[in-house]
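# Have a look at this prediction, sequence included:
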Amino acid sequence: MSVELFGVSAVAFALFVGFGTLIGVLFGFFGMGGSFLVTPALLAMGYPSRVAVGSGLAFVFGTSVIGALRHRDLGQVDYGLAALMTVSVTAGIEVGKRGVLWLEALGLADAVVSGAYVVLLTLVGAFVVRDSRSRRTDEREPEGPKGLFESVSIPPTMSLTGGPAVSVWVILAIGTVVGVLAGFLGVGGGFLLMPAMTYGFGVPAAVAVGTDILQITVSGAVGSFLYAQSGGVDLGVVAPLLVGSAFGARIGSAATRLVDEEGITGYFGAMLLLGALAVAVRQVGVAYGIDGLDAVSLAIIVVAALLVSGAVVYSSVAALRDERTSAPSAD
């Protein structure tokens, strides 16, 4: 007799807990909403699109609450920036959705959105990895993050935590652009907001992650509520994922205080590139009717989550070991 928990077998429950732990580490470390990996994984497992998206959003909301509280305790949240980003991203998402509806009427939505997803992930990931490697090879003393838009001084301006004063209009404009892309691609926008705050505004990576997570909490709450009303949230998926992520998110958020800035951005870029590969493999399978590529796409997602979360934990342990070694011993 098989044991079931929340409508799934005990084995499936344990697997979801393990996967949730890996995603929680990545979420706490990078500030990505989780739908970036969870939703494609559920689709590859055969869940209907509505359930995959709705359950992914519910997981995003639960995990973001955990991560936001942890980052708040560490002082890594800029509340003013999070509020402006939430307003502008929400407005942009509506514009992006209208673009998708227009493409659906033309019968081009699936191909265009999937192609844009892969291209955007690849471009952002390649830029982040390249920037991280160039920082590591630069022998000059690091001067801290430099924002592309910090020289734009259109009033009013806002002083950001750990960063410069940035024009409120620039923040709203960037948030709107990110929202349009997020609404068009059907994702939470976390993988876009984190580099936007780091490279655009000059915010330290740890603060960008914490602020990003707080903003995602709002969008995840609204999205999961709407999908739950239409039966699009599967508790058998969400509950075990949240059990695992509750533990993993604390590890990931704590690691942002231990791993150097270049390490954070480098891992983030690698995660984006692997995600692009997984989505591309799945789309090839859909286009040519190759069922086996769904399993390959799922394997890439799981292996990528395992490798990158493992790298985060390893780097954190190594940093702690170095701190203890360099600390003066008490006589």
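Arrived safely.
# What residues sit buried inside stretch 318-329?
Using 16 or more other CB atoms under 10 Å as the test for burial, stretch 318-329 gives residue 319. Just so you know, the C-beta spots here come from the backbone N, C-alpha and C atoms, and that holds for glycine as well.
# ignore the last one, stretch 44-62
Those would be 44, 47, 51-62, for stretch 44-62 by 16+ other CB under 10 Å.
# what's the answer for stretch 160-175, then?
Buried residues in stretch 160-175, defined by neighbour count with 16+ other CB under 10 Å: 160-164, 166-168, 170-172, 174-175.
# Please identify which pair of those lies farthest apart.
Farthest apart among the buried residues of stretch 160-175 by CB to CB are 162 and 172. That separation is 20.6 Å.
# Go through this structure and flag its longest helix.
helix 292-326 (DSSP state H).
# Tell me where the stretch 151-300 of the chain is predicted with low confidence.
151, 182-191, 260-265 (pLDDT under 70).
# Would you map the strands across it?
Per DSSP state E, counting those that start in this stretch, the stretch 151-300 of the chain carries strands over the ranges 157-159, 165-167.
# So which of the ones you listed is nearest residue 116?
strand 165-167 (27.6 Å).
# Show me what the closest one is packed against.
In this structure, strand 165-167 makes packing contacts with strand 157-159, judged by 3 or more CB pairs under 8 Å, 6 or more residues apart in numbering; DSSP states H and E.
# buried set for the strand it packs on?
157, 158.
# Paired strands for that strand, with orientation please.
When pairing is defined by DSSP bridges, strand 157-159 lines up against strand 165-167 (antiparallel).
# which residues touch the strand it pairs with?
Under the contact criterion CB atoms under 8 Å, 6 or more residues apart in numbering, strand 165-167 has outside partners 147, 149-150, 152-160, 201-202.
# In this structure residue 175 contacts residue 82, no?
No - judged on CB atoms under 8 Å, residue 175 makes no contact with residue 82 at a distance of 10.3 Å.
# picking that back up, packing partners for the longest helix of the chain?
With contacts defined as 3+ CB pairs under 8 Å, 6+ apart, the packing partners of helix 292-326 are helix 10-30, helix 35-44, helix 235-255, helix 261-288.
# what sits against the nearest residue to residue 297 once chain neighbours are set aside?
Nearest non-adjacent residue to residue 297, counting by CB to CB, 6 or more residues apart in numbering: residue 282, 3.8 Å away. With contact taken as CB under 8 Å, 6+ apart, residue 282 is in contact with 40, 43, 44, 293, 294, 297.
# residues in contact with the fourth one?
Residue 293 makes contact with 281, 282, 284, 285 under the criterion CB under 8 Å, 6+ apart.
# Model confidence for the nearest residue to residue 271 once chain neighbours are set aside, exactly?
Once flanking residues are discounted, residue 271 sits nearest to residue 308: 5.2 Å by CB to CB, 6+ apart. Per-residue confidence (pLDDT) for residue 308: 82.
# Now do the same contact list for residue 308.
Contacts of residue 308 (CB under 8 Å, 6+ apart): 26, 267, 270, 271, 274.
# likewise residue 241?
16, 17, 19, 20, 23, 38, 59, 62, 63.
# Check whether the fourth one really touches residue 240, as I assumed.
Yes - between residue 20 and residue 240 there is a contact under CB under 8 Å: 6.2 Å.
# can the buried residues of stretch 44-62 go into CSV with extra columns for distance to residue 117?
Converted to CSV, those look like this (distance: CB to CB, whole Å):
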residue, distance to residue 117
44, 15
47, 19
51, 20
52, 15
53, 14
54, 19
55, 19
56, 15
57, 17
58, 21
59, 19
60, 17
61, 22
62, 24
